[in-house]
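Trainee: got a predicted model here, sequence first, then my questions.
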Amino acid sequence: MLRSITAALILAAIPAATLAAQTEVPDELQKPVTKSEISAKLDSDYSDLDANKDGKVTAAEINTRLVKSAEAQIEEFRKERDATFAKLDTNSDGTISRAEFDERAKLPTVKQPDAKPFLDRFDANKDGSISKDEFRGPTMANFARMDLNKDGTVTPAEAKAPGSSKKPTFKSTPAVTR
């Protein structure tokens, strides 16, 4: 799943200290990343979060995203579990009954979603919703710090430049599988 995340998401999701601690730049950062690419990714992600398109991301919208993400993960677990069952019942004689298998390979359940940690990270004015500026602000500020020559592009060299461990952590949104 991580392989499919764009370089913009990597910048938005990986703490800068982690980037600085690595001896090599991750594959996702082997090419320059422009400010416009980061901006477009943030806008797209915000648009996905703002389900009713009112310009504010509410706890209910975050919770919906968290539930969708959890359901997608459970579906992946279900596929893996079914494939494992098929491998265990190699001769298809039912030696391992489905009921026994299901009892021993229970699926997780969707937990009660909690938007509070996400709101705590992004709702700068503490009004209970996230404006587009609040959503974009931290990542764009960190991008500006990493763009050492201020040309609107973060190159691999800038991404691993000394002193990047002093940069604040990038913030991320709840993951969702599409």
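Mentor: Looks like it came in fine. Numbering: from 1, shown residues only.
Trainee: make it CA atoms for all contacts and neighbour counts henceforth
Mentor: OK.
Trainee: next, count neighbours for Arg78.
Mentor: Neighbour count for Arg78, taken as other C-alpha atoms under 10 Å: 16.
Trainee: what sits against the residue of the chain most remote from its centre?
Mentor: Here the chain reaches farthest from its C-alpha mean at Asp93, the gap being 42.4 Å by C-alpha atoms, centre = their mean. Neighbouring residues of Asp93 by C-alpha atoms under 8 Å, 6 or more residues apart in numbering: there are none.
Trainee: and it, that one's in a strand?
Mentor: No: per DSSP: H, G, I helix; E, B strand; the rest coil, Asp93 lies outside any strand segment and is coil.
Trainee: where's it relative to Ala86, distance?
Mentor: 11 Å (C-alpha to C-alpha, to the nearest Å).
Trainee: what does Ser129 give?
Mentor: Distance, Ser129 to Ala86, using C-alpha to C-alpha: 46 Å.
Trainee: need the helix or strand of this protein with the lowest average pLDDT.
Mentor: helix 7-13 (a mean of 36; mean pLDDT, DSSP states H and E).
Trainee: which stretches in the protein count as strands?
Mentor: Along the chain, the segments classed as strands by DSSP state E run 33-34, 56-58, 129-131, 153-154.
Trainee: so which elements touch the third one?
Mentor: What that stands for is strand 129-131. For strand 129-131, the packing partners by 3 or more C-alpha pairs under 8 Å, 6 or more residues apart in numbering; DSSP states H and E come out as strand 56-58, helix 116-122.
Trainee: which other residues reach the shortest one?
Mentor: Counting contacts by C-alpha under 8 Å, 6+ apart, the residues outside strand 56-58 that touch it are Tyr46, Leu49, Asp50, Ala51, Gly128, Ser129, Ile130, Ser131, Lys132.
Trainee: which of those residues has the most neighbours?
Mentor: When neighbours are counted by other C-alpha under 10 Å, Ile130 leads those with 26 neighbours.
Trainee: surely that residue is in contact with Asp120?
Mentor: No: between Ile130 and Asp120 there is no contact, the gap being 9.9 Å when judged by C-alpha atoms under 8 Å.
Trainee: with distance to Lys35 added, can I get the contacts of strand 56-58 in a markdown table?
Mentor: Shown next, in a markdown table, are the contacts of strand 56-58 (distance: C-alpha to C-alpha, whole Å):
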| residue | distance to Lys35 |
| --- | --- |
| Tyr46 | 16 |
| Leu49 | 21 |
| Asp50 | 22 |
| Ala51 | 25 |
| Gly128 | 28 |
| Ser129 | 25 |
| Ile130 | 21 |
| Ser131 | 20 |
| Lys132 | 16 |
